[in-house]
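Novice: Prediction below, plus the sequence it came from.
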Amino acid sequence: MAGNAVPASISEEYYQISQAILESFPKYRLPLDLFIFKDDIAQLLVYSKKDTRLKDEQVEEIHQLCADGDLFVSRADHPIYSQHIVKQLDLVLVDQNLKETEVADITLRALEIRLNDFFDQPVKPVFDLLYSDVMVVTEYIWNDLHRLRLFIRRLHQGDYSLAKHSINSFSLGLWLLMSPKNDEIRRKDFDQAALALLLHDVGMAKIPAFITGKTTPLKSEEKDKIFAHVLIGYKIMDKLEQTHDAMRQAALEHHERLDGSGYPQRAKNISTFGKLVAVADAFSAMIQKRPYAEAKDLLSAAKELTEARTRFDFHFSSKILAALISDSFGKTM
């Protein structure tokens, strides 16, 4: 944007709205306040209040103000702003005025919405919407791998949900994959790994809630249904023609263990990516509150994983522990 020089103090509280995002709002009734910058007094003044109907000439004027870089929104309205564009995630990448923390918040919310939609209805049209958003996110991360720290610092530690667990595994798994920076990873492989991490546990969406919500020990037949989620998830991805190596390994191996005590195959010969997903999945599960178990704090979960080195890959589990001890998540790439 061209715009005038805006004082830093104003930029902290307001940001310019991009043309693409302005055009995505309702034409005559915007859901947030608009402000214009007056160069002669170096101040922002209210142009219109949220939900006020604009006249035709005002619509034309705000588009010109936007093109000139003189149209602003308040960071206090960020929740409204982000809620609007959360299902148009590609708009985030064209908005240079959002802080990286704001981009991360919008991105995680968008992924959660898409995942919940897909877990409710795992069919191709819904998958395609999720896939599109995942590619936007991987583009954002790939351009600056240090952005992974924003996702790691937002690991969900509250009540369990499949979507939040999947996002935790995605964030942590990509950090493990790329920390330190892995120059051998191609962009295509990075994209596939990201999708596989997000959807490694999709089979759990087909397990009845009365089983996943139980607070008492599972019966034998209920355990069998839980164990079956691995193959169910793989079959779902097969129907969507997503059976590349990363997806296959993530779906089938995330519950396998190094000592052969896992499932479904009790395999000891686990792929490197399968070992990574197993660690990311277990850690993400441990830090969320389940009906049958309290959430562990990050450090306790990491210590438990490293101590279980006969079951979980120590190379990956020790990375998490070391980063937590040094308080350096995201700073080692």
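Specialist: That came through, no problem.
Novice: Can you classify the residue sitting furthest away from the middle of the chain as helix, strand or coil?
Specialist: Within the chain, residue 40 marks the point farthest from the mean C-alpha position, 42.5 Å out by CA atoms, centre = their mean. At residue 40 the chain is in coil, as set by DSSP: H, G, I helix; E, B strand; the rest coil.
Novice: Could you tell me the per-residue confidence at it?
Specialist: For residue 40, the pLDDT comes out at 77.
Novice: do residue 4 as well
Specialist: On pLDDT, residue 4 comes in at 54.
Novice: and the spatially most central residue of the chain, helix, strand or coil?
Specialist: Centroid-nearest residue in the chain: residue 108, 3.8 Å away (criterion: CA atoms, centre = their mean). Three-state assignment for residue 108 (three-state DSSP): helix.
Novice: mind checking how far it is from residue 198?
Specialist: As judged by CB to CB, to the nearest Å, residue 108 and residue 198 stand 12 Å apart. C-betas here are computed from N, CA, C, even on glycine.
Novice: Quick check: neighbours shared by these two?
Specialist: Common contact partners of residue 108 and residue 198 (CB atoms under 8 Å, 6 or more residues apart in numbering): residue 167.
Novice: I figured the residue nearest to the centre of the chain was touching residue 152, is that so?
Specialist: No - with contact defined as CB atoms under 8 Å, residue 108 does not reach residue 152; the gap is 11.4 Å.
Novice: To which secondary structure element is residue 44 assigned?
Specialist: Element membership of residue 44 [criterion: DSSP states H and E] is strand 43-48.
Novice: Any buried residues in the helix or strand just after that strand, and which?
Specialist: Counting by DSSP H and E, the next helix or strand C-terminal to strand 43-48 is helix 56-67. Residues of helix 56-67 classed as buried by neighbour count (16 or more other CB atoms under 10 Å): 62, 65-66.
Novice: List the contacts of helix 56-67.
Specialist: Here helix 56-67 has contacts from 1-2, 16-19, 22-23, 27-28, 34, 36, 47-48, 54, 71, using CB under 8 Å, 6+ apart.
Novice: circling back to that earlier point, adding distance to residue 310 and pLDDT as columns, could you present the buried residues of helix 56-67 in a markdown table?
Specialist: Below are the buried residues of helix 56-67 laid out as a markdown table (distance: CB to CB, whole Å; pLDDT from 0 to 100):
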| residue | distance to residue 310 | pLDDT |
| --- | --- | --- |
| 62 | 63 | 93 |
| 65 | 64 | 92 |
| 66 | 60 | 90 |
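Novice: Out of those, the closest to residue 146 would be?
Specialist: For the buried residues of helix 56-67, the minimum distance to residue 146 (CB to CB) is 30.2 Å, reached by residue 66.
Novice: Distance of that closest one relative to residue 35?
Specialist: Counting by CB to CB, the gap from residue 66 to residue 35 is 12 Å.
Novice: what's the answer for residue 48, then?
Specialist: 9 Å.
Novice: Other residues contacting stretch 313-327?
Specialist: 172, 176, 179, 258, 275-276, 278-280, 283, 298-299, 302-303, 305-306, 308-309, 329, 332.
Novice: Looks like residue 91 contacts residue 19 (just checking).
Specialist: No - contact criterion CB under 8 Å: residue 91 and residue 19 do not qualify, at 10.4 Å.
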